[in-house]
Structures are given as structure tokens and as C-alpha cells.
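Q: Turn this into a structure:
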Amino acid sequence: MSERENASNLQAQPLAANADWQRLQQQRAYLERQLAERVQLEQQLRELYGCLAACASPEDLQEQLERCRGLLARIFTAEGRAKRLPLQTSLLELDWERYGIDIAAYVAAEESLVAQCPPGTLD
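A: Numbers count the residues shown, from 1 in each chain. This next block holds a predicted model:
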């Protein structure tokens, strides 16, 4: 089957029925959840730093830590969860040539994408 016929067949299928599309959507949802969790953790850490930055003595620090007990619990819970469930770093492998796309040439043409690739990926 030629590239053109293959592309026509793929375009005739509903996108939602495409297994590769479903895998990409799952990966996207996972990464969006991870990003939201990390943003929330960063906000909590900034809030904690703001509370502790004004401490002038060990007694002030102890009082602030006691006042921030709930915030500390949320931070430690988030960090514990991150350690138990590390970020999935495996790359999603798709047969892009099936879609008539030379992914290596596409990425190599975009400097911003090349900078994001781990060393040795494009070799």
C-alpha cells in the first residue's frame, strides 16, 4: 500500500477510533495531571517560605511551623506521593511513518524541539 493510500485510509477512520490517538490522549491527560500537581506543590512551598522568611529567632520559627502544620502536612503528602509514584519518563513510541511523517526530520528542523530531546535520541 502506498503512502497516499495509507494516509487516505487513516483519514477515513474516525479519530476517536484510532489507537494511537487514544494513547496520545492518555499521555496528555497524565502529563496535565502531573503538571497541575507540581504547580500546586510549588505554590504550597512558596506559601511556606513566605511564612518562614520573616522569622527572626528560633522561637519565631517554631511558632510559625506550628501555625503551618496543615500546610506542612499537605506538602509532605504531595512529596511522599511523588516518591511512591515517580513520573513516567518512558517515551511514547508511535509508528509515525505510518502517517507519512518523518518524525526525526520534523524534530531536527525545529531547534526548540531538538533542545528538548535527550542526548542520543536523534542519532
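Q: Give me the nearest residue to residue 45, chain neighbours excluded.
A: residue 75 (6.5 Å; C-beta to C-beta, 6 or more residues apart in numbering). (Each C-beta comes from the backbone N, C-alpha and C, glycine too.)
Q: Now for the one you found: which residues touch it?
A: 41, 44-45, 48 (C-beta atoms under 8 Å, 6 or more residues apart in numbering).
Q: How much space separates it from residue 32?
A: 21 Å (C-beta to C-beta, to the nearest Å).
Q: same question, residue 65
A: Applying C-beta to C-beta to residue 65 and residue 32 gives a distance of 33 Å.
Q: before we move on, back to that, what would the contacts of residue 75 look like in JSON lines with neighbour count?
A: Below are the contacts of residue 75 laid out as JSON lines (neighbours: other C-beta atoms under 10 Å):
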{"residue": "41", "neighbour count": "17"}
{"residue": "44", "neighbour count": "17"}
{"residue": "45", "neighbour count": "14"}
{"residue": "48", "neighbour count": "17"}
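Q: Return the residues in contact with residue 97.
A: residue 103.
Q: re earlier: can you tell me which of the contacts of residue 75 end up in helices?
A: With helices taken from DSSP state H, the overlap with the contacts of residue 75 comprises 41, 44-45, 48.
Q: okay if I get the residues you listed as TSV plus distance to residue 97 and pLDDT?
A: Output for the ones in helices among the contacts of residue 75, formatted as TSV (distance: C-beta to C-beta, whole Å; pLDDT from 0 to 100):
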residue	distance to residue 97	pLDDT
41	39	92
44	44	94
45	44	93
48	49	92
